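Student: what shape does this take:
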Amino acid sequence: MPDDPAAGPSGPAAATRPKAAVLVTGSELLTGLVQDANGPYLARELGGLGFEVSELMLVGDRPEDLRSALEFVSGNGADLVITSGGLGPTADDLTAEVVAGFCGVQSRLDDRVRETIDAKIARWASRSGFDGAALDEATRKQAMVPDGASVLEPVGTAPGLVLRGATGPLVVVLPGPPRELQGMWPSALTSSPMVELLAGVPHAEPRLLRFFGLPESEIAATLREIETSGGFPDLARVEVTTCLRRSELEVDLHPLPGAEKTAESLAEAIIDKHRRNLVSADGTTTDELLARALGEHGLTVATGESCTGGLLAGRLIDRPGSSSYVSGGVVAYSNEAKTSLLGVPAEMIDTHGAVSPEVARALADGARERFGADIGIGITGVAGPDGGTEAKPVGYVCFCVTTREGQVLARDMQLPGGRADLRERSVDRGMHLLLRAAGGLPRG
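Tutor: Numbering: from 1, shown residues only. Model prediction:
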């Protein structure tokens, strides 16, 4: 069951959608030391606009590599190419120059763009003492604009570009820092060349289903049953992709125009088959559902964490406004901390062990009582790689949620993966137990 959020669409319908390619530049991304955030962001955005994302490539900071990538995706039928990175002032920032050559145009100094960049860095330059010939040359480099290109106002210091050659795809050139790229993306969409291209892109609203505790193999079997039933003659016009994210199985149904009703009927058939595992039928995340349920019922939550080390509390307070429903949390990692901070009896730990259902409940009760919360959750487990026993191997985790009204939800299970995986999956499980306790899961 692959944990691959970039898993792409397949099937006959994919060939009828316009193609888009994403080229993410940066030699640092090829070393594995820096993780790409721009490719997945752009892929999601483009998919939502109606494109088939046919390629998502990482390319080093070498002109010949970027040129080869542009020629490859163009030859593969891309209607739109998005590049990110390589727009800075240093010698290896050559994306704009390479794209201009690919489109068969010259680049010239744009005085207005240069003035814009100068205005952005003037205060920093004078304060830092780096205002001089080197900075002037760097600014000049970033202000070179290919003939015929639409300029996107910089979010940082690098402007974006939208251009097309006499033949070939439309190319959108965006900066590398994710904050700048995402800040510039709305401007790219409203540029005249993009508006013209998007006018011809068929668009239909996708449908996203979320399931918990459901393997991809079950969805695959359901889809085979539906296909052989013959009840969906227009099924080829609905792309179905599955992806495991945060321990949830996302099932994305993307209809072509005219197949929206088929997609809706298909979604309902999948939901009917797997209703007991359904988290949301409209793509709403577990985090959103939990925040909504706690807010609607006026409930507060407190955490008592051992092996997750505060990750659950961090996940809860990630959302704005969480102070209205998160009372607090304690990381009680050592046995002494469990006893002194959350009131777990020392004799309980001696009898059952620090990783046990009994201690998980004591952590939940202790957190709830310490912070005066309506709901408490306790998590304790063997995260590894050492410390496991035959009775309690690495990956054994105990969960408990208790409420002021006396509700108790307890689970103990063996989770797969390394230390980081175990902790993240434990947080996922904890969020779902909280969601169940707060009454935020769909009924039926």
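
Student: switch to C-alpha atoms for all contacts and neighbour counts from now on
Tutor: Will do.

Student: what number of residues lie near Thr167?
Tutor: 9 (other Cα atoms under 10 Å).

Student: that one should be in a helix, yeah?
Tutor: No. Thr167: not assigned to a helix; according to DSSP: H, G, I helix; E, B strand; the rest coil it is coil.

Student: what's the pLDDT at Thr16?
Tutor: Among the per-residue scores, Thr16 shows a pLDDT of 67.

Student: pLDDT below threshold where in the protein?
Tutor: By pLDDT under 70, the weakly predicted segments of the chain are 1-16, 123-134, 443-444.

Student: at 50 instead, please
Tutor: Within the chain, the stretches with pLDDT under 50 are 1-15, 444.

Student: now the farthest one out in it, which residue is it?
Tutor: Largest separation from the mean C-alpha position in the chain: Glu347, at 43.6 Å (Cα atoms, centre = their mean).

Student: packing partners of the helix or strand that one falls within?
Tutor: Element membership for Glu347, per DSSP states H and E: helix 346-352. For helix 346-352, the contact count by 3 or more Cα pairs under 8 Å, 6 or more residues apart in numbering; DSSP states H and E identifies helix 335-342, helix 357-371 as packing neighbours.

Student: any idea how far Tyr333 is from the residue farthest from the centre of the chain?
Tutor: Glu347 is 17 Å from Tyr333, where distance means Cα to Cα, to the nearest Å.

Student: show me the strands in the stretch 251-400 of the chain, by range?
Tutor: 278-280, 301-305, 326-331, 375-381, 396-403 (DSSP state E, counting those that start in this stretch).

Student: I'd like the ones you listed as a markdown table, with mean neighbour count and distance to Asp111 appended.
Tutor: Formatted as a markdown table, the strands of the stretch 251-400 of the chain follow (neighbours: other Cα atoms under 10 Å; distance: least, Cα to Cα, whole Å):
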| stretch | mean neighbour count | distance to Asp111 |
| --- | --- | --- |
| strand 278-280 | 23 | 52 |
| strand 301-305 | 30 | 57 |
| strand 326-331 | 21 | 52 |
| strand 375-381 | 31 | 60 |
| strand 396-403 | 26 | 62 |
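
Student: let me have these in TSV, extended by distance to Val171.
Tutor: Listed next are these as TSV, based on distance: least, Cα to Cα, whole Å:
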stretch	distance to Val171
strand 278-280	37
strand 301-305	49
strand 326-331	46
strand 375-381	49
strand 396-403	49
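
Student: among these, which is nearest Ala122?
Tutor: When those are compared by Cα to Cα, strand 326-331 sits nearest Ala122, at 43.4 Å.

Student: sheet partners, orientation included, of the closest one?
Tutor: strand 301-305 (parallel) (DSSP bridges).

Student: who's in contact with the strand it pairs with?
Tutor: For strand 301-305, the surrounding residues in contact (Cα atoms under 8 Å, 6 or more residues apart in numbering) are 312-313, 325-333, 342, 363-364, 366-368, 371, 373-380.

Student: do that again at 6 Å, thanks
Tutor: Strand 301-305 has contacts (Cα atoms under 6 Å, 6 or more residues apart in numbering) with 326-332, 363-364, 367-368, 373-379.

Student: related to what we said a few turns ago, what's the closest of the helices and strands packed on helix 346-352 to Asp65?
Tutor: Closest among the helices and strands packed on helix 346-352, using Cα to Cα: helix 357-371, at 53.8 Å.

Student: what angle do strand 301-305 and that closest one make with each other?
Tutor: 130 degrees (axes from the mean of the first three to the mean of the last three Cα atoms, to 10 degrees).

Student: which strands or helices does helix 357-371 pack on?
Tutor: strand 301-305, strand 375-381, strand 396-403 (3 or more Cα pairs under 6 Å, 6 or more residues apart in numbering; DSSP states H and E).

Student: turn those into CSV, columns for distance to Thr228.
Tutor: CSV is the format used below for the helices and strands packed on helix 357-371 (distance: least, Cα to Cα, whole Å):
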stretch, distance to Thr228
strand 301-305, 47
strand 375-381, 44
strand 396-403, 41
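
Student: can you list the buried residues in stretch 174-186?
Tutor: Buried residues in stretch 174-186, counting neighbours by 16 or more other Cα atoms under 10 Å, are found at 174-178, 180-182, 184-185.

Student: ditto for stretch 292-303
Tutor: Quick answer for stretch 292-303 (16+ other Cα under 10 Å): 292-295, 299-303.

Student: do the same with stretch 403-422
Tutor: 403, 408-410, 412, 415, 419, 422.

Student: residues in contact with that stretch?
Tutor: For stretch 403-422, using Cα under 6 Å, 6+ apart, the contacting residues are 374-375, 383-384, 395-402.

Student: ok now stretch 319-328, how far from the chain's centre?
Tutor: 22 Å (Cα atoms, centre = their mean, to the nearest Å).

Student: pull the CA atoms of it into CSV?
Tutor: Provided in CSV are the C-alpha atoms of stretch 319-328 (Å, rounded to 0.1, in the frame of the first residue of the first chain):
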residue,chain,number,x,y,z
ARG,A,319,-5.1,25.3,13.4
PRO,A,320,-5.9,29.0,14.1
GLY,A,321,-8.4,29.4,16.9
SER,A,322,-7.3,26.1,18.6
SER,A,323,-7.0,28.0,22.0
SER,A,324,-10.7,27.8,22.3
TYR,A,325,-10.7,24.0,22.5
VAL,A,326,-7.1,22.9,23.5
SER,A,327,-6.7,23.2,27.3
GLY,A,328,-3.1,22.0,27.4
